[in-house]
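> please work out how this folds:
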Amino acid sequence: MAHDGCEGVSLPVVSSLKRENIDDIEINLSDAAITALKASMKGDEDSHVLVVSAQDGGCSGYMYDMAIIEDPDDDGYLRVEVSDMTILVHNRDSSLLNGINIDFKDSLMGGGFQIENPNADRSCGCGQSFG
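Residues are numbered from 1 along each chain as shown. I've put the predicted structure just below:
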């Protein structure tokens, strides 16, 4: 049986969340997340963006994915400006990720970026999956 990073048995989940495009999106970052992102971007905030997406899979139906990439300048994304940084969310993920709160925890156990999603009906104990 494949282990996906969460405890317990993972069964296929049919999610009730619909992927509907929205025209505007709100993403909230804590001060700790802003500091960690700026450190990760290393001064490339003008040319690079943070892409936040929801991928099919995980214990609860979807998994979060975050990546810093060179700005694709693509109309397929909604843009949010936060503290001189640009965050992109693909149009297909906009309804799933609207209103998320991104925080950063600096600890040995469970540290790193953490996302709280008000749209999720359920989430996995590992915090990486939602549905």
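> please verify my assumption that E116 contacts D103.
Yes. With contact defined as C-beta atoms under 8 Å, E116 and D103 form a contacting pair (7.2 Å). The C-beta positions use only the backbone N, C-alpha and C, and glycine is treated the same way.
> where do the strands sit along this protein?
Ranges of strands within the chain are 28-29, 48-56, 62-70, 77-82, 85-90, 101-105, 112-116, 129-130, based on DSSP state E.
> kindly list the longest helix within the protein.
Criterion DSSP state H: the longest helix present in the chain is helix 31-41.
> pLDDT below threshold where in the protein?
Applying pLDDT under 70 to the chain flags residues 1-22, 58-60, 110, 122-131.
> hmm, back to that, for the strands of the chain, which one ends up most surrounded?
Ranked by mean neighbour count, those are led by strand 129-130 with a mean of 26 (mean count of other C-beta atoms under 10 Å).
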